[in-house]
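In: this one's structure only:
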């Protein structure tokens, strides 16, 4: 299955600043997904990132707040901009993972963000 | 109505017992269904996927799907303390986007 390297694993940031999270996949993938998991909550899809096109954002998420880059088929970044304490969450990237025997979605190890 | 709903839990079972987790979904055209396990502080880990009506078994795990009832379940047989985690039901929407349930926290008592 795909292996995703996500960094940073955690960070503590001042309000009003921005943080960029990186995900590197060990294979080429068409789509990468970015999720947010707020404390004690389940996962919410932020956006879908395709190489060579603008990311597609879910309701409640906007590009100005969560700009995404997808420069090639193995890499993507998510920036959390102008952060407030409400942005304190775990952010995860994910890719579709297909083989002859398995179909699923693999997740990066997550970035635990605390905004103070 | 939420797209994916799970029995809220938490669920506590004795070691060796069967843990039963349930999930319903609202989108009739959903095609793929997944169960993820998430340990505290870790990212979700895929444990089962199912696409066709019926049962699918993998070791101590059995997933059951009933598309007519829009229902998917997970049974964990011979539960072990290492099974203590939050279990997330996920359903694909529009072929590729995953929608997650709120999760059910399972505690296996030794």
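Out: Cool, the structure landed. A quick note: this is a predicted structure, and the numbers were derived from the prediction, not measured.

In: leaving out sequence neighbours, find the closest residue to residue A:80.
Out: In this structure, residue A:80 finds its nearest non-sequential neighbour in residue A:19, 5.1 Å apart by Cβ to Cβ, 6 or more residues apart in numbering or on different chains. Quick note: C-beta positions are derived from backbone N, CA and C, even for glycine.

In: buried sites along the helix or strand of chain A with the lowest mean pLDDT?
Out: Sorted by mean pLDDT, DSSP states H and E, the helices and strands of chain A end with strand A:103-107, the least confident at a mean of 91. Within strand A:103-107, the residues that qualify as buried are A:104-107, counting by 16 or more other Cβ atoms under 10 Å in any protein chain shown.

In: that one vs chain B: in contact?
Out: Yes: with Cβ under 8 Å from any Cβ of the partner chain as the measure, strand A:103-107 is seen reaching chain B through A:103-107.

In: and that strand, which strands flank it?
Out: The partner list of strand A:103-107 in its sheet, established with DSSP bridges, is strand A:89-98 (antiparallel).

In: list the contacts of the strand it pairs with.
Out: A:1-2, A:4, A:6, A:21, A:23, A:25, A:29-39, A:43, A:46, A:76, A:78, A:80, A:103-108, A:110-113, B:43-44, B:46, B:96, B:98 (Cβ atoms under 8 Å, 6 or more residues apart in numbering or on different chains).

In: quick one: which of those sit in helices?
Out: Restricting the contacts of strand A:89-98 to those inside helices, with DSSP state H as the criterion, leaves an empty set.

In: list only buried entries from those residues.
Out: Buried residues within the contacts of strand A:89-98, counting neighbours by 16+ other Cβ under 10 Å: A:2, A:4, A:6, A:21, A:23, A:25, A:29, A:31-37, A:43, A:46, A:76, A:78, A:80, A:104-108, A:110-113, B:43-44, B:46, B:98.

In: now, these that are in strands?
Out: Among those, the residues falling in strands (DSSP state E) are A:4, A:6, A:21, A:23, A:25, A:31-37, A:43, A:46, A:76, A:78, A:80, A:104-107, A:111-113, B:46, B:98.

In: interface residues of chain A facing chain B?
Out: Among all residues of chain A, those adjacent to chain B (criterion: Cβ under 8 Å from any Cβ) are A:31, A:33, A:41-45, A:48, A:92, A:94, A:96-97, A:102-110.

In: quick one, what contacts residue B:70?
Out: With contacts taken as Cβ under 8 Å, 6+ apart, residue B:70 has the following neighbours: B:24-26, B:28, B:30.

In: now these in CSV, with secondary structure?
Out: Supplementary listing: the contacts of residue B:70 in CSV, determined by DSSP: H, G, I helix; E, B strand; the rest coil:
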residue, secondary structure
B:24, strand
B:25, strand
B:26, coil
B:28, coil
B:30, coil
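
In: now, the most widely separated pair of these?
Out: Spanning the widest gap among these are B:24 and B:28, at 11.7 Å by Cβ to Cβ.
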